[in-house]
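> any chance you can model this:
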Amino acid sequence: MFKHVFATMQDILRDIIIHYPHANDTERKRLDEQLAKLKQFSDQFIEEWLQFEENMADFRDLKQQCCNSEQKNAAPNTEQAKAATGAADYPKIISAAPPASPGPAAVQGQASSMQSKDPETADELYRSMSKGQGYFKLLMFRDAAKHFEQAVALFPDDNRARLFLGMTFMHLQEWHEAQRHFQLLVEVTEHPKWRALGLNALGCIQAVRMNLAQAAHYFEKAHEADPDFTDPLANMKSCEQQAGQLSLYFGSGQL
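Predicted coordinates for the structure are as follows:
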């Protein structure tokens with residue numbers, strides 16, 4: 001899940017190491033900012049991982065206690081059952097139920113996005129998306145946009161690539177480009193979550209332009225497309241209050 005993020009972090013760090021010794025003051029400032037972002041992400045990841053490991057250790061202790069207690073309670077009953085039935089020990093194999101297959105919505109951005117592509121194009125698309133997502137997670141949206149644009153250029157019908165590109169333009173506040181991609185996305189996608197994200201983004205763009213009635217229309221459509229997606233309702237409430245600066249949620253946390 002984090003493979004593409006850390007692969008991108010490694011690429012960025014290598015680039016910093018190569019260029020830093022020969023960089024001027026302005027360039028070094030930019031490289032220092034990139035390095036600070038890398039360190040912040042790394043520190044956060046380590047902190048969350050340590051907390052997760054502590055919780056896992058607590059669970060293992062609890063599980064062991066439960067198992068020991070069950071074994072003590074079950075041992076007499078097992079011996080009684082064997083004595084009554086004369087059953088001998090024998091290996092038992094319990095077949096686990098097969099894992100559930102992912103539904104259409106879950107695989108639309110993965111397997112189906114690779115359909116109808118030759119292997120070389122699919123490989124290029126995967127690399128562009130992986131690098132773009134890595135930069136996106138690191139909040140380096142200008143770099144992310146370059147790779148998502150490559151992905152869309154390789155396969156314009158890939159809705160997942162267009163979704164990420166549109167959301168990247170949202171964070172860059174390039175509203176016209178974002179609107180262009182999301183308008184196309186909502187017209188063609190059958191994925192409820194993606195349609196909701198697109199409509200919500202279009203609502204945010206109209207809200208930024210202070211077209212609040214049109215923004216509310218998009219937010220309502222986004223909520224209808226996916227009622228579990230709560231950002232449109234929060235955005236609608238912000239527009240209704242009209243108190244000072246609008247607080248808008250683009251929905252990028254859903255990606």
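
> what ranges does the protein have for its helices?
Shown for the chain, the helices assigned by DSSP state H span residues 3-19, 25-85, 104-107, 119-137, 141-154, 159-171, 175-188, 192-208, 212-225, 231-241.

> next, the buried residues of the first one.
In terms of neighbour count (16 or more other C-beta atoms under 10 Å), helix 3-19 has its buried residues at 4-5, 8-9, 12, 16. For every residue, glycine as well, the C-beta is placed using N, CA and C.

> just the residues you listed now: which is nearest L62?
For the buried residues of helix 3-19, the residue nearest L62 by C-beta to C-beta is V5; the value is 31.6 Å.

> how about the contacts made by the closest one?
If you count contacts by C-beta atoms under 8 Å, 6 or more residues apart in numbering, V5 has them with 41, 133-134, 137-138.

> follow-up on the earlier one: present the buried residues of helix 3-19 as TSV; the columns should include pLDDT and distance to L197.
Below are the buried residues of helix 3-19 laid out as TSV (pLDDT from 0 to 100; distance: C-beta to C-beta, whole Å):
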residue	pLDDT	distance to L197
H4	66	20
V5	72	21
T8	76	23
M9	78	26
I12	83	27
I16	83	33
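
> picking that back up, of all the helices of the chain, which lies closest to S247?
When these are compared by C-beta to C-beta, helix 231-241 sits nearest S247, at 4.9 Å.

> from the contact counts, what lies against that closest one?
Counting contacts by 3 or more C-beta pairs under 8 Å, 6 or more residues apart in numbering; DSSP states H and E, helix 231-241 packs against helix 192-208, helix 212-225.

> okay, angle between the first one and helix 159-171 too, please.
Counting by axes from the mean of the first three to the mean of the last three C-alpha atoms, to 10 degrees, helix 192-208 lies at 20 degrees to helix 159-171.

> which elements pack onto helix 192-208?
Counting by 3+ C-beta pairs under 8 Å, 6+ apart, helix 192-208 packs on helix 159-171, helix 175-188, helix 212-225, helix 231-241.
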